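Trainee: Got a sequence here, can you build the structure:
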Amino acid sequence: MDIEQNFSYNTHRSHLILKEYGRNIHQLIEYIKTIDDKEKRTRYAHTLTELMRLIVPQPKEVQLIDNQNKLWDDMFIMAKFDFDVESPFPLPDKEKLGKKPEKLPYNSNRIMFRHYGRNVETLIGKALVMEDEEEKIGAFVAIGKLMRGFYLAWNKDYVEAQTILADMERIAHQPLPEHIRKIVLENNTIEIPKEKFVSRSNNQNNHNNHHAQNHNQHQFSKKKKKKKKNNHHNNQG
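Mentor: Sure, this is the predicted structure:
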């Protein structure tokens, strides 16, 4: 089952364990828990650490392996240690549940798309300045899929990959390079279920047939009235 089918707007705001990552990351962790296949859960967890790294970047002097270890620790903490995935690092000490998140400055800037949230804007801003081309492409692909999930949770309908790309470029305030645009589109295409497509087609055909029948009946009625009127005039003559 795709991520967009499991996202739902949380009207009862739950407590955020690590506020610096935001509500979206906490929701993604809860979604990953619902995946039956452990291998798939682990793949999603690896992707999630990349998104977490973009949202809360570490100082350059922090070694990559230490940063990755911290991200996995934070992910298990947010999952309340109820997270059955294959971690590349030892599980963190449960005492870390009491750690206090760093205070972040309040951002008063207006959110462009409320259904995507401010974190998506932050992710796109971070991805734009990435120097490693492969990392940049991977980041935009992951962000595109995340945006698709949030869009469908908000709109509950099919969304074109082109719509996601257009929103992404609006948030970025610039067009993306052509090779990145192409890859984002290729990785953000959703196939419409056949039965759904057939149902929509049938509904449209039924609508068209009904319209045509009404039109034909109207034309027949007009001809019948005209013929009756002509016969009336002929009889008078």
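
Trainee: Just the element for residue 43, please.
Mentor: helix 38-55 (DSSP states H and E).

Trainee: Below-threshold pLDDT in this protein: ranges please.
Mentor: 1-13, 58-66, 95-109, 189-237 (pLDDT under 70).

Trainee: May I see the buried residues of stretch 40-58?
Mentor: Counting neighbours by 16 or more other Cβ atoms under 10 Å, one finds that the buried residues in stretch 40-58 are 41-42, 44-45, 47-56. Backbone N, C-alpha and C define where each C-beta goes, glycine included.

Trainee: typo on my end, it should be stretch 76-89
Mentor: The neighbour-count check on stretch 76-89 (16+ other Cβ under 10 Å) flags 76-79, 83, 85, 87 as buried.

Trainee: Those in helices, which ones?
Mentor: 76-78 (DSSP state H).

Trainee: which residue ranges form the helices in the protein?
Mentor: 22-33, 38-55, 64-78, 118-128, 133-155, 161-172, 178-186, 194-236.

Trainee: Just the residues contacting the fourth one, thanks.
Mentor: For helix 118-128, contacts defined as Cβ atoms under 8 Å, 6 or more residues apart in numbering pick out 22, 24-25, 51, 54-55, 57, 107, 111-113, 136, 139-140, 143, 146-147, 150, 168, 171-172, 174.

Trainee: how about 6 Å then?
Mentor: 22, 24, 54-55, 111, 136, 139-140, 143, 147, 171-172 (Cβ atoms under 6 Å, 6 or more residues apart in numbering).

Trainee: for the fifth one, same thing?
Mentor: Applying Cβ under 6 Å, 6+ apart, the contact partners of helix 133-155 are 3-4, 7, 47, 115-116, 120, 123, 127, 130, 159, 164, 180, 183-184, 187-188.

Trainee: now the residue nearest to residue 22 when sequence neighbours are not counted: how far from residue 91?
Mentor: Leaving out its chain neighbours, the residue that sits closest to residue 22 by Cβ to Cβ, 6 or more residues apart in numbering is residue 119, at 4.6 Å. According to Cβ to Cβ, to the nearest Å, residue 119 stands 26 Å off from residue 91.

Trainee: and if you look at residue 28?
Mentor: Counting by Cβ to Cβ - residue 28 and residue 91 are separated by 20 Å.

Trainee: Those two: which is more packed in?
Mentor: residue 28 (23 against 11; other Cβ atoms under 10 Å).

Trainee: contacting residues for that one?
Mentor: residue 48.

Trainee: Against residue 168, how distant is it?
Mentor: 18 Å.
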